[in-house]
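Engineer: Test case, fold it:
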Amino acid sequence: MTQIDHLKSEIETLSTDDFAQLRDWIAEKNWKLWDKQIAKDAASGKLEFLKKEALDDKSKSQLRDL
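Structural biologist: Modelled structure (predicted):
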């Protein structure tokens, strides 16, 4: 049995409350990883195209209110 299979089996035995706590913990961990990746991509310049696109749209008065 792989580690993932073992974890799945263990998760299946959790109470509703414990499962909710685990779900919330995983969601929070996922957001933190996402934030780190976004920061890394921004620092490396990978997201500069978004800035350029927004500035181009602004100069053409093509921005819309959210």
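Engineer: secondary structure class for residue 14?
Structural biologist: coil (DSSP: H, G, I helix; E, B strand; the rest coil).
Engineer: Quick check on residue 15: phi, psi?
Structural biologist: Main-chain torsions, residue 15, degrees, to the nearest 10: phi -70, psi 170.
Engineer: Just the pLDDT for it.
Structural biologist: pLDDT for residue 15: 98.
Engineer: That one: neighbour count?
Structural biologist: If you count neighbours by other CB atoms under 10 Å, residue 15 ends up with 8. All C-beta spots, glycine's among them, are computed from the backbone N, C-alpha and C.
Engineer: now it: how far from residue 48?
Structural biologist: According to CB to CB, to the nearest Å, residue 15 and residue 48 sit 47 Å apart.
Engineer: Check residue 39 too.
Structural biologist: Distance, residue 39 to residue 48, using CB to CB: 14 Å.
Engineer: Most distant residue from the centre of this protein?
Structural biologist: residue 60 (31.4 Å; CA atoms, centre = their mean).
Engineer: How about the contacts made by that one?
Structural biologist: By CB atoms under 8 Å, 6 or more residues apart in numbering, the contact set of residue 60 is empty.
Engineer: Next one: it, what pLDDT does it get?
Structural biologist: For residue 60, pLDDT reads 93.
Engineer: how many other residues sit next to residue 22?
Structural biologist: Applying other CB under 10 Å, we find 13 residues neighbouring residue 22.
Engineer: ok, now residue 42?
Structural biologist: Number of residues near residue 42 (other CB under 10 Å) recorded here: 13.
Engineer: cool, the one 4 residues further on as well?
Structural biologist: Neighbouring residues of residue 46 were enumerated by other CB under 10 Å; the total is 12.
Engineer: Perfect, that will be all.
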